[in-house]
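> My questions concern the predicted model and sequence given below.
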Amino acid sequence: MPKIPKDWSALLADEMLEEKASALGRLGRGLEQALAALRAHDAAAATPEASREARAVLVDAAAHAVWLLMVQREACGLRDTRALMRDYAVPAEVQGRAGAVLTPPVPPRRNRRGPH
């Protein structure tokens, strides 16, 4: 059975640290997934022009994920974004969009009827 500390502020501080670490991990995995999707798209695309719209959504999704992780890291006192960009190998194109995409991008709908 866990020992209950006499100092509740210590318990609260521990809980806050656990939540910060959990959020960093969750956001880091989200960034990894967004970057992997972008890389997979680039590897599969026959020509960049053929999938420009889909790629733009993926770049924005990765930029949004970078921004979320940057904000969480700053809240934890980790202010060196160069380490983040290096460790996750964030492309310059995505870095340049970080902070400009403040809501998660929504993939465009395909017109099922075809052109009008």
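Good, I have the coordinates. Numbering: from 1, shown residues only.

> use CA for all of it now, contacts and neighbours both
Fine.

> show me the biggest helix of this structure in terms of residues.
Ranked by residue count under DSSP state H, the longest helix found in the chain is helix 8-44.

> okay, which residue is most central for this protein?
Central residue of the chain (CA atoms, centre = their mean): Ala65, 1.8 Å from the mean position.

> And the pLDDT for that one?
pLDDT recorded at Ala65 is 95.

> which residues touch it?
Residues counted as contacts of Ala65 (CA atoms under 8 Å, 6 or more residues apart in numbering) are 27, 30-31, 34.

> Show me which of those is closest to Gly99.
Leu31 (14.0 Å; CA to CA).

> show me what contacts that closest one?
Here Leu31 is in contact with 62, 65-66, 69 (criterion: CA under 8 Å, 6+ apart).

> thinking again about what came up before, please indicate which of the contacts of Ala65 has the highest neighbour count?
Within those, neighbour counts (other CA atoms under 10 Å) peak at Leu31, which reaches 23 neighbours.

> can you tell me how far it sits from Glu19?
Using CA to CA, to the nearest Å, Leu31 is found at 18 Å from Glu19.

> Please apply the same query to Gly96.
For Gly96, the distance to Glu19 - CA to CA - is 29 Å.
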